[in-house]
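Chemist: here is my input; please provide its structure:
(4 chains)
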Protein chains: 2
Amino acid sequence: MKTITMADVAKHAGVSKSTVSQFLNKRYDYMGENTKEKIEKAIEKLGYSPNIVARSLKQKSTKTIGVIVANILHVFSTQVIRAIEDYCNESDFQIIVCNADDDPMKEKRYIDMLRAKQVDGIIAFPTGGNVDLYKQLIDAKFPVVFMDRILKDVQIPTIMTDNVKASSLAVGQLVESGYKKIGMISPSTKTSVTPRLERIEGYKQALEKNGIPFNPNSLVSDDLSELENKIHDLLTQASSPEAIVASNDRVLLKVLAYTKKHHLGIPEDIALIGIDDVAFASIYNPALTTIAQPAFQMGKKAAELLLKLIRDKSNEEVFGIYRFEPKLITRESC
Amino acid sequence: MKTITMADVAKHAGVSKSTVSQFLNKRYDYMGENTKEKIEKAIEKLGYSPNIVARSLKQKSTKTIGVIVANILHVFSTQVIRAIEDYCNESDFQIIVCNADDDPMKEKRYIDMLRAKQVDGIIAFPTGGNVDLYKQLIDAKFPVVFMDRILKDVQIPTIMTDNVKASSLAVGQLVESGYKKIGMISPSTKTSVTPRLERIEGYKQALEKNGIPFNPNSLVSDDLSELENKIHDLLTQASSPEAIVASNDRVLLKVLAYTKKHHLGIPEDIALIGIDDVAFASIYNPALTTIAQPAFQMGKKAAELLLKLIRDKSNEEVFGIYRFEPKLITRESC
DNA sequence: CTGAAAGCGCTTACAG
DNA sequence: CTGAAAGCGCTTACAG
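Modeler: Numbering: from 1, shown residues only, chains lettered A, B, ... in the order given. The predicted structure is shown next:
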């Protein structure tokens, strides 16, 4: 089972390796028709396919990028990955997928490994725990694009949903439906994941803009496992909200588990709007009004920026925060 | 921004490249303490990290595997990928993810590319359109494991849900709840995707086993886009089913869209059970009884088998079809 | 228009 | 215990 190399093709075609290489790289400028044909036939005959590892070593480009997400099981990440893969595919790039699980150690290991494997660039949902490492990457002019998390003081282009807008759309819709007592439920902000912070901030701003005073008792934010109790407290307190913004898909699930368990009618007992357009939104009873993030556009943009950086590492003007507009999808839950 | 190579480390430490290489590969057997320290310090000082591409070229192993799914957006695929990634991570392997979209051309391109990139093996949800290619891979003793699709005449280890059992659990549960007129809704079988076929087969067998004659009018199978009409026909015909088995998550969504649109009560008007334990099953109104596939175990097994094959290519006894037991999760929809 | 030669950054069998 | 040398399979500047 000897593997066929370029040398074999060259010998078979009666030319040199250089010429075969030129042929493969389509530098036909000065190549005789006759030579081309001989090489073509030899390749065909031997079933030759070039070893990209060898090429990569020489060319210092692997046509591979790393994608580090928190968890591929999150729908948003999956959509982003799919968009990245599609875009890369067109440019003959491939992606190595890594789950950092919001663990900076794991993230660091992956980054080191990806660099050792000579990937041409990385798209990451950064944990926030490796600022120094990312700074080193910048210094080394290594192409990186961030997704969904802003790291202060790190000059890396970042793709974000306009989260303030997302909350403002949600609150706006609720206000329009006549609700004044509006609560928000968010995952824990202990780890300062940007979207959570921004959505809370956007919620506060939107209340104010609508002339509703912010009531700290109407905002709950905790680990998912604590949420059931917190939701209970929220909804059974003296002046409890009539309407709720679920800050993402996972808290929406918690809220729905709660309303189901306690036989709360939506929207009669409690109106509801969720950020993230979950797959079951339109078939739920009642159908759920949601705010959709343009995950595919965002993934595509990330890939676009990264490939641009890979082609031209000194492309300074690429830096910045790219905001994408979320979209309100009105259904029946508020 | 010159990159640091082994030669730099060697010079800095005052030893030869060979010695540095030995050090990196932890072949300390005969290495002087003093030498070790010098090398360690040089690596530290220079911030050296080995180029795995170069190593791969020499060692003919990239510690990378390809994973070809139909579509990473499918929940089952995502779970399988996650399990594979976790397992690979422990062995310092990484995965390149590809979406073949059930397109044999795309699948072929990916396989060629992955091989050119010298991945050590491939886990694929095969389209079925590249039997010859897969046979070539077998001949070349290239490690491959299949997931979720059986290809006749191709001797490649294959990980499968026991789909006949899945249907039998579904039908059994329905019978136990007192239903006799049991329909099944499946995606199109035009492309002979194994699980669809097996689930239909299992449905027929289970009916028989329960003494219920199979009625061809109770089985619909078509493209998702046609399903709404087909469901309508199914449920409005003379002797329409009282209970339905949704053959996977995507048809379940179609069925729920239909019942919602037509205000059909579940289970009063129509009882329902779905294969695939969708994320919203427990919070739906009513909570949905489902059959769960052990996706994570299956992904793990696939990775396990593939790495075994990679380590020992002549490992013949690995071939076979590995069946995993689905699980009934009883809730409120039937 | 084509080929010989050097080199990408490692590993490894062998010599000493 | 350590080093010189060959080689993995390509690409590319240069010579002719």
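Chemist: quick one: stretch A:6-13 near chain B?
Modeler: No: using CB under 8 Å from any CB of the partner chain, stretch A:6-13 stays clear of chain B, with a minimum separation of 12.7 Å. In this view, the C-beta of every residue, glycine as well, is placed from N, C-alpha and C.
Chemist: what lies in contact with the helix or strand residue A:88 falls within?
Modeler: Per DSSP states H and E, residue A:88 falls inside helix A:75-90. For helix A:75-90, contacts defined as CB atoms under 8 Å, 6 or more residues apart in numbering or on different chains pick out A:65, A:67, A:69-72, A:94-95, A:97, A:123, A:125, A:147-148, A:249, A:276, A:278-279, A:293, A:295-300, A:302-304, A:307, B:71-73, B:78, B:97-99.
Chemist: kindly export that helix (C-alpha atoms) in PDB.
Modeler: What follows is helix A:75-90, C-alpha atoms only, in PDB (Å, rounded to 0.1, in the frame of the first residue of the first chain):
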ATOM      1  CA  VAL A  75     -28.400  26.300  19.000                       C
ATOM      2  CA  PHE A  76     -26.900  29.700  18.300                       C
ATOM      3  CA  SER A  77     -23.400  28.300  18.200                       C
ATOM      4  CA  THR A  78     -24.500  25.600  15.900                       C
ATOM      5  CA  GLN A  79     -26.000  28.000  13.500                       C
ATOM      6  CA  VAL A  80     -22.900  30.200  13.600                       C
ATOM      7  CA  ILE A  81     -20.700  27.200  12.900                       C
ATOM      8  CA  ARG A  82     -22.900  26.100  10.000                       C
ATOM      9  CA  ALA A  83     -22.600  29.600   8.400                       C
ATOM     10  CA  ILE A  84     -18.800  29.600   8.900                       C
ATOM     11  CA  GLU A  85     -18.500  26.200   7.400                       C
ATOM     12  CA  ASP A  86     -20.500  27.200   4.400                       C
ATOM     13  CA  TYR A  87     -18.500  30.300   3.800                       C
ATOM     14  CA  CYS A  88     -15.200  28.500   4.300                       C
ATOM     15  CA  ASN A  89     -16.200  25.700   2.000                       C
ATOM     16  CA  GLU A  90     -16.400  28.100  -0.900                       C
END
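Chemist: need the next SSE after it, C-terminal direction.
Modeler: strand A:94-99.
Chemist: distance between that following strand and the chain's centre?
Modeler: Centroid separation for strand A:94-99 versus its chain: 12 Å, with CA atoms, centre = their mean, to the nearest Å.
Chemist: how about stretch A:201-215?
Modeler: 28 Å.
Chemist: so where's the stretch 1-150 of chain A shaky on pLDDT?
Modeler: The stretch 1-150 of chain A contains residues with pLDDT under 70 at A:1-2, A:27-30.
Chemist: any idea where the strands of it begin and end?
Modeler: A:64-69, A:94-99, A:121-124, A:144-147 (DSSP state E, counting those that start in this stretch).
Chemist: quick one: which of the ones you listed is nearest chain B?
Modeler: The closest of the strands of the stretch 1-150 of chain A to chain B is strand A:94-99. By CB to the nearest CB, the value is 4.8 Å.
Chemist: the closest one to strand B:64-69, inter-axis angle?
Modeler: Per axes from the mean of the first three to the mean of the last three CA atoms, to 10 degrees, the angle that strand A:94-99 makes with strand B:64-69 is 90 degrees.
Chemist: now tell me what touches strand A:94-99 from outside.
Modeler: Surrounding strand A:94-99, the residues in contact under the criterion CB under 8 Å, 6+ apart are A:63-72, A:81, A:84-85, A:88, A:106, A:110, A:114, A:117, A:119, B:64, B:81-82, B:85-86, B:94-98, B:113-114, B:117.
Chemist: not counting its neighbours along the chain, what's nearest residue A:326?
Modeler: residue A:166 (4.1 Å; CB to CB, 6 or more residues apart in numbering or on different chains).
Chemist: apologies, that question was intended for residue A:217.
Modeler: residue A:237 (6.3 Å).
Chemist: can you check residue A:171 too?
Modeler: Nearest residue to residue A:171, sequence neighbours excluded (CB to CB, 6+ apart): residue A:206, at 3.6 Å.
Chemist: re earlier: turn the strands of the stretch 1-150 of chain A into TSV, columns for mean neighbour count and distance to DNA strand C.
Modeler: As requested, those are arranged in TSV below (neighbours: other CB atoms under 10 Å in any protein chain shown; distance: least, CB to the nearest atom of the strand, whole Å):
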stretch	mean neighbour count	distance to DNA strand C
strand A:64-69	24	16
strand A:94-99	23	19
strand A:121-124	25	18
strand A:144-147	25	21
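Chemist: which residues does residue A:187 contact?
Modeler: Applying CB under 8 Å, 6+ apart, the residues near residue A:187 are A:193, A:196, A:221-224, A:227, A:247-248, A:250-251.
Chemist: for the residue in the stretch 201-334 of chain A that DNA strand D sits nearest to, grab the count of nearby residues.
Modeler: Per CB to the nearest atom of the strand, residue A:311 is where the stretch 201-334 of chain A lies closest to DNA strand D, at 14.5 Å. Residue A:311 has 11 neighbours, counted by other CB atoms under 10 Å in any protein chain shown.
Chemist: do the same with the one 10 residues further on
Modeler: Look at residue A:321: counted by other CB under 10 Å, it has 11 neighbours.
Chemist: next: residue A:264.
Modeler: 16.
Chemist: about what we covered before: can you count the residues close to the residue nearest to residue A:217?
Modeler: 12.
Chemist: likewise for residue A:158?
Modeler: 23.
Chemist: show me the helices in the stretch 151-300 of chain A, by range?
Modeler: For the stretch 151-300 of chain A, applying DSSP state H, counting those that start in this stretch gives helices covering A:163-176, A:194-209, A:224-236, A:249-261, A:295-311.
Chemist: quick check: residue A:276 touching residue A:294?
Modeler: No: contact between residue A:276 and residue A:294 fails when scored by CB atoms under 8 Å: they sit 11.7 Å apart.
Chemist: could you chop chain A up by domain?
Modeler: A:6-50, A:62-161+A:296-324, A:163-292 (automatic domain parsing).
Chemist: which parts of the stretch 1-150 of chain A sit against chain B?
Modeler: A:1, A:49-54, A:56-57, A:62, A:64, A:71-73, A:78-79, A:81-82, A:85-86, A:92, A:94-99, A:112-118, A:140-141.
Chemist: and the residue in the stretch 151-300 of chain A that DNA strand D sits nearest to, what does it touch?
Modeler: DNA strand D sits closest to residue A:157 of the stretch 151-300 of chain A, with a gap of 27.5 Å, by CB to the nearest atom of the strand. With contact taken as CB under 8 Å, 6+ apart, residue A:157 is in contact with A:145-146, A:305, A:309, A:318-322.
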